[in-house]
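# Requesting a structural model of the entry that follows:
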Amino acid sequence: MSDVDPRKDPRFRPFRAAAYGVHIALSVVFCLWLIVNVSRSVAGMSPGRLPTVEAAQVLSFRECLDAAQALWTELETRRESLVRTTPASSVDQEWIRFRTTWLQRLRERESQCALKSRERTELRAVFKRLEEVQDLYAIHAVQYAGEVGGAVDALQAAFAAARRDSAAGRMP
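So this is what the prediction gives:
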């Protein structure tokens, strides 16, 4: 007759079941907490679409195109300034603050331009592409801050230390 594996002792089966149950319950609670908080965060950073304004307040096609161009120029200017942000590891936080206000302005322009109209499909495509590019820039900012930002900050600190040593006359 073989011996019973002490790790599978039937006397402890209720305790193992309780331990598994507690583990699963805590895992489920943690996952739900995480999902709720991420959802709230994303919702807070992404303003919803506004209803179309009254027909009398709808901007002309040209005004809408100019507004989209202005939003694009602002977006591109801000993206270019990412590499000059100090410390570089904070680029993602700076971008998120900018992104939220920029998206609010985008949503206002979308509502003023009556993009759901059949005559404005090209304009709707412009605004859609503009938002897609902004999403890609947000990914870029997070990647830059997380992957490159620390190295850039360390390089800037090395430059500063070298300049201090040079100014103090310690360098030959």
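# By mean pLDDT, which helix or strand of the chain comes out lowest?
The least trusted helix or strand in the chain, going by mean pLDDT, DSSP states H and E, turns out to be helix 149-167, with a mean of 85.
# biggest helix in this structure, by residue count?
helix 13-45 (DSSP state H).
# middle-most residue in the protein, spatially?
Nearest to the geometric centre of the chain sits Ala138, at 5.3 Å (CA atoms, centre = their mean).
# these two touch, right, that one and Trp95?
Yes: judged on CB atoms under 8 Å, Ala138 makes contact with Trp95 at a distance of 6.1 Å. (Each C-beta comes from the backbone N, C-alpha and C, glycine too.)
# circling back: which strands and helices sit next to the longest helix of the chain?
Counting contacts by 3 or more CB pairs under 8 Å, 6 or more residues apart in numbering; DSSP states H and E, helix 13-45 packs against helix 91-112.
# low-scoring pLDDT stretches of the chain, where are they?
Applying pLDDT under 70 to the chain picks out residues 1-6, 55-56, 169-172.
# if you set the cut-off to 50 instead, what comes out?
Along the chain, no part satisfies pLDDT under 50.
# returning to what we had before: got a list of contacts for the least confident helix or strand of the chain?
86-91, 171 (CB atoms under 8 Å, 6 or more residues apart in numbering).
# Which residues belonging to it are considered buried?
Across helix 149-167, burial judged by 16 or more other CB atoms under 10 Å covers 149, 152-153.
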